[in-house]
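**Q** Any chance you can model this:
(chains A and B, ligands or ions: 2)
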There are 2 protein chains.
Amino acid sequence: MGDVLFERLCIIGPGLIGGSIARMARARGDVARHIVTTAKSQASRDRVRELGFADTVAETLAEAVQGADCVVLCVPVGVYAKVMEEIGPHLAPGCILTDAGSTKSSVVRDVRPHLGPGVRFVPAHPMAGTEHSGPDAGFPELFQGRYCIITPLEDTDPGALGKVRAMWERAGSMIETMDPATHDKVVAMVSHLPHLIAFTICSTADDLAEETREAVLKFAASGFRDFTRIAASDIDMWRDIFLNNREALLEMLARFSEDAHALGRAVRYGQAEFIEDRLARGRKIRRGLIERKQA
Amino acid sequence: MGDVLFERLCIIGPGLIGGSIARMARARGDVARHIVTTAKSQASRDRVRELGFADTVAETLAEAVQGADCVVLCVPVGVYAKVMEEIGPHLAPGCILTDAGSTKSSVVRDVRPHLGPGVRFVPAHPMAGTEHSGPDAGFPELFQGRYCIITPLEDTDPGALGKVRAMWERAGSMIETMDPATHDKVVAMVSHLPHLIAFTICSTADDLAEETREAVLKFAASGFRDFTRIAASDIDMWRDIFLNNREALLEMLARFSEDAHALGRAVRYGQAEFIEDRLARGRKIRRGLIERKQA
Ligand SMILES: NC(=O)c1ccc[n+]([C@@H]2O[C@H](COP(=O)([O-])OP(=O)(O)OC[C@H]3O[C@@H](n4cnc5c(N)ncnc54)[C@H](OP(=O)(O)O)[C@@H]3O)[C@@H](O)[C@H]2O)c1
Ligand SMILES: NC(=O)c1ccc[n+]([C@@H]2O[C@H](COP(=O)([O-])OP(=O)(O)OC[C@H]3O[C@@H](n4cnc5c(N)ncnc54)[C@H](OP(=O)(O)O)[C@@H]3O)[C@@H](O)[C@H]2O)c1
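**A** Ligands and ions are numbered 1, 2, ... in the order given. Next up, the predicted model:
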């Protein structure tokens, strides 16, 4: 067991991600001596008290961050500006501020104006999750064997970066660093576009005549089902992600749409070779994943 | 064990589906007394001889169907017309002709002109499969607990329909009947459109700048991966399916595209309520699947 990383670790938003960080820190013992948290609703705060994965459950944001040497934002990215407005004035000089938000350019945009002197900001995004949310959803192993992308800024303090990196390593994650814009493009392609497609195909099916819709649900096992699995995710979180990664998401959607239309056009005009080429590329990418053991 | 259904069952195309039917018939003993098959290539015919899941491996199509009281087409739907041209003249009066093709209107279109007098045609589609193909891919349990859709025509002989139904019931499947056009719409939505999307998103990723593409493969676990799983499937089969279910597939693609664009537009203009509505519908459909135990 290495040195304990933080004296007082404050987790804003003890849901799936925040609750998993707290449980992981509890289970290890070498991440923080004291864990503080607060949630938006009384119900969640009470539930966290029952579950007992934090030492202190604060009633307000200001109270929660008081005296913390590390604060982790684990709230939907759409409320970052509002939360920062409230906690900004209460962050101690030297405090590390980091986060788990699924978008990074918007996070930098919303956090930066509220950073007091000496507060050390390290944006991060653990690439781990489930379709569940809330205080009961977390578990200490969530981040094991998963990537965590850190997107340091030009002026990010190396000491703070090192500590955030150490926290994720202790959580069992592999660390990658990149700039916020690259992060946003990559996650738009690997995660946000697939979710947009999954939500869309569900609503397309929902609009079908009743009889066809019933049949679709019945025979879903033939492929449709795999597409809906990720469509069970939290609405607030995904609305916020879509709205806060707008540019990268719309770019990837435009590329995908062009490609889908090109394939549709080839089907219409019976262009077998074009179709075969696209199918072959699908298999190639799939093989790439299998070789990288990501399949 | 009921009466043996067929004296001489001929399976054209002992790949994943045909090889699974043969293995299932072998394992049960009450489906056929004698199993004949033939494949396109010498390599596959030799391999089936080695594997031994048929009693006779014929060298030609004409030879294979000789004296069969049931013939099952298990070849890609694009070669049905060609195969029927060759076997049509050799089908005995009274023989049952059925199939496993993934499209049904095109199958009826391609098979009907070649039906000799007294040949009893029962189009069918087992809703089971894997992404593997060829003589080694099949296994006797493939159809257990899966649906098999039969699309009888107005003049389909009830006796022949009963026997084909019995064969699939013995394979462990649940039978549904519908007309070919309805079948084609339903499978376009549950299977063909998801496959088209999966192949497309892979080629969209493949076109990204090298650095971004590498990152996509690395972080695929965040959603992309689930979309590529079905993109490993056989190229010949899927080219044929797309080309032979053109109308229904293009209709479903058009509906999906409109919906994807509407959601993209809402993202562009920050229409939170519209987005929430779509996300809520995704969850609703997903819940529908869970309730039907299809998730
Ligand atoms: N889920 C994933 O797969 C995943 C993966 C990687 C990153 N992320 C990111 O991680 C963050 C959290 O996601 P999650 O899945 O853990 O969500 P979650 O389970 O819904 O938890 C969100 C937490 O934030 C709290 N919260 C919301 N608004 C707040 C406010 N205005 N003030 C204080 N607390 C507030 C909630 O409190 P109440 O319970 O009282 O509402 C809840 O504790 C998001 O930014 C998300 O993009 C998620
Ligand atoms: N795979 C699925 O998930 C699935 C599910 C439901 C229905 N289906 C349908 O079932 C049928 C077979 O699919 P599959 O997955 O079993 O394919 P497969 O494993 O590739 O097998 C196809 C078989 O057809 C033979 N064949 C191809 N062209 C032929 C020709 N001109 N004459 C004689 N034999 C020929 C092949 O012989 P060679 O090996 O010598 O090429 C092979 O034995 C297709 O219509 C497909 O749409 C597939």
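**Q** ok and the helix ranked longest in chain A relative to helix B:246-268, angle-wise?
**A** Longest helix in chain A, counting residues (DSSP state H): helix A:246-268. On the basis of axes from the mean of the first three to the mean of the last three C-alpha atoms, to 10 degrees, helix A:246-268 is oriented at 170 degrees to helix B:246-268.
**Q** as a whole number, average confidence for helix A:246-268?
**A** Computed over helix A:246-268, the mean pLDDT rounds to 97.
**Q** neighbours of the residue of the stretch 1-150 of chain A found nearest ligand 2, just the number please.
**A** Residue nearest to ligand 2 within the stretch 1-150 of chain A: A:E131 (26.6 Å; C-beta to the nearest ligand atom). C-betas here are computed from N, CA, C, even on glycine. By other C-beta atoms under 10 Å in any protein chain shown, the residues close to A:E131 number 14.
**Q** Can you classify it by secondary structure?
**A** Assigned by DSSP: H, G, I helix; E, B strand; the rest coil, the conformation of A:E131 is coil.
**Q** who's in contact with the residue in the stretch 101-250 of chain A that ligand 2 sits nearest to?
**A** At 8.0 Å from ligand 2, A:S222 is the closest residue in the stretch 101-250 of chain A, using C-beta to the nearest ligand atom. With contacts defined as C-beta atoms under 8 Å, 6 or more residues apart in numbering or on different chains, A:S222 is in contact with B:M127, B:G129, B:V187, B:V190, B:S191.
**Q** quick one: pLDDT of the residue nearest to the spatial centre of chain A?
**A** With distances taken as C-alpha atoms, centre = their mean, the residue of chain A nearest its centroid is A:S102 (3.5 Å). A:S102 is assigned 97 on the pLDDT scale.
**Q** which regions of the stretch 1-150 of chain A sit below the pLDDT cut-off?
**A** Regions of the stretch 1-150 of chain A meeting the criterion pLDDT under 70 cover residues A:1.
**Q** Which residue, other than its chain neighbours, is closest to the residue of it found nearest chain B?
**A** In the stretch 1-150 of chain A, the residue that lies nearest chain B is A:M127 (5.4 Å; C-beta to the nearest C-beta). Closest residue in space to A:M127, ignoring its immediate chain neighbours: A:Y147 at 4.4 Å, by C-beta to C-beta, 6 or more residues apart in numbering or on different chains.
**Q** Would you check that that neighbour makes contact with A:A171?
**A** No - contact between A:Y147 and A:A171 fails when scored by C-beta atoms under 8 Å: they sit 11.4 Å apart.
**Q** which residue ranges form the helices in chain A?
**A** Secondary structure of chain A by DSSP H: the helices cover A:16-28, A:42-51, A:61-65, A:80-87, A:105-111, A:158-170, A:180-187, A:193-206, A:210-218, A:224-228, A:235-244, A:246-268, A:272-291.
**Q** Where does pLDDT dip in the stretch 151-295 of chain A?
**A** Using pLDDT under 70, the stretch 151-295 of chain A has no residue that qualifies.
**Q** Can you tell me which residues in chain A are near ligand 1?
**A** For chain A, the residues in contact with ligand 1 (C-beta under 6 Å from any ligand atom) are A:12-18, A:39-41, A:44, A:74-77, A:79, A:82-83, A:100-102, A:125-126, A:129, A:133-134, A:137, A:234, A:237, A:241.
**Q** on that earlier part again, quick check: nearest residue in space to the residue of the stretch 101-250 of chain A closest to ligand 2, chain neighbours excluded?
**A** B:S191 (3.9 Å).
**Q** A:L91 versus that neighbour, what's the distance?
**A** As judged by C-beta to C-beta, to the nearest Å, B:S191 and A:L91 stand 53 Å apart.
**Q** likewise A:E59?
**A** From A:E59 to A:L91 the distance is 18 Å (C-beta to C-beta).
**Q** what's the neighbour count on the closest residue to A:V79 other than its chain neighbours?
**A** Counting by C-beta to C-beta, 6+ apart, A:D240 is the residue found nearest to A:V79 once chain neighbours are left out, at 7.6 Å. A count of nearby residues for A:D240, using other C-beta under 10 Å, gives 23.
**Q** so A:D240 touches A:A81, yeah?
**A** No - between A:D240 and A:A81 there is no contact under C-beta under 8 Å: 11.4 Å.
**Q** contacting residues for the residue lying closest to A:F121 once chain neighbours are set aside?
**A** Counting by C-beta to C-beta, 6+ apart, A:F121 lies nearest to A:L97, which is 5.0 Å off, once chain neighbours are set aside. A:L97 is in contact with A:C70, A:V71, A:L73, A:L91, A:V111, A:L115, A:V119, A:R120, A:F121, A:V122, counting by C-beta under 8 Å, 6+ apart.
**Q** If anything else comes up later, I'll come back, but that's it for now.
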